[in-house]
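Okay, sequence plus prediction incoming.
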Amino acid sequence: MDSVFKKIQPLNYEKWVDFVNRNQSEFIWYEKTKSGLEAAANIDKVPEDFKEGVVASLNKVSCFKEFDEKKGYYNINCGFSSRNNWISIGFERTPKLEDLKIFVEMAKHLGALLLVDGTGIIDEKMIEN
């Protein structure tokens, strides 16, 4: 299941950063992951054509949740796109109720809607049921 935060008015990047920073027990920024730290350490080796994209990825636009030690990856990834005016959420496993609750909380913080497959809205009432 993939989810998206969508808002008609532009999403506020500062609110996104604030929410993730306030919930560091749940989320980790890409730049603080092993891959992100390696990308930052090797930035001088990145070809000039790609350097801008790599640097941009290290500026609080992606975060992750729940690292799976056995599989070696995070079960949930989130990405902020100011160009598309959304935050995408990808799940490597079936979302749990706790996952939905934190993302509904994020949506409220951003003044946005949490959508499933671009059409269905997940809100507190849906979670209660």
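Perfect, thanks for sending it. Numbering: from 1, shown residues only.

contacting residues around residue 62?
29-30, 77-80 (CB atoms under 8 Å, 6 or more residues apart in numbering). For the C-beta atoms, the positions are set from N, CA and C on the backbone; glycine is no exception.

mind running it again at 6 Å?
Contacts of residue 62 were listed using CB atoms under 6 Å, 6 or more residues apart in numbering, and they are 30, 79.

Can I get the longest strand along the chain in PDB, CA atoms only?
Ranked by residue count, the top strand of the chain under DSSP state E comes out as strand 73-81. Coordinates of the C-alpha atoms in strand 73-81 are reproduced here as PDB (Å, rounded to 0.1, in the frame of the first residue of the first chain):
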ATOM      1  CA  TYR A  73      16.300  -1.900   4.900                       C
ATOM      2  CA  TYR A  74      13.700   0.300   6.400                       C
ATOM      3  CA  ASN A  75      10.100  -0.900   6.200                       C
ATOM      4  CA  ILE A  76       8.700   2.600   5.600                       C
ATOM      5  CA  ASN A  77      10.000   5.500   3.500                       C
ATOM      6  CA  CYS A  78       8.700   9.000   3.200                       C
ATOM      7  CA  GLY A  79       9.700  11.700   0.700                       C
ATOM      8  CA  PHE A  80       8.800  15.400   0.500                       C
ATOM      9  CA  SER A  81       8.300  16.800  -2.900                       C
END
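
What ranges in the protein fall below the confidence cut-off?
1-9 (pLDDT under 70).

Tell me the bridge partners for the residue nearest to the spatial centre of it.
Nearest residue to the geometric centre of the chain (CA atoms, centre = their mean): residue 78, 1.8 Å. Counting by DSSP bridges, residue 78 forms beta bridges with residue 63, residue 89.

Could I get the full set of strands for this protein?
2-6, 28-29, 62-68, 73-81, 86-91, 113-116, 120-122.

can you redo the ones you listed as TSV with distance to residue 102?
Formatted as TSV, these follow (distance: least, CB to CB, whole Å):
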stretch	distance to residue 102
strand 2-6	12
strand 28-29	14
strand 62-68	8
strand 73-81	9
strand 86-91	10
strand 113-116	10
strand 120-122	12
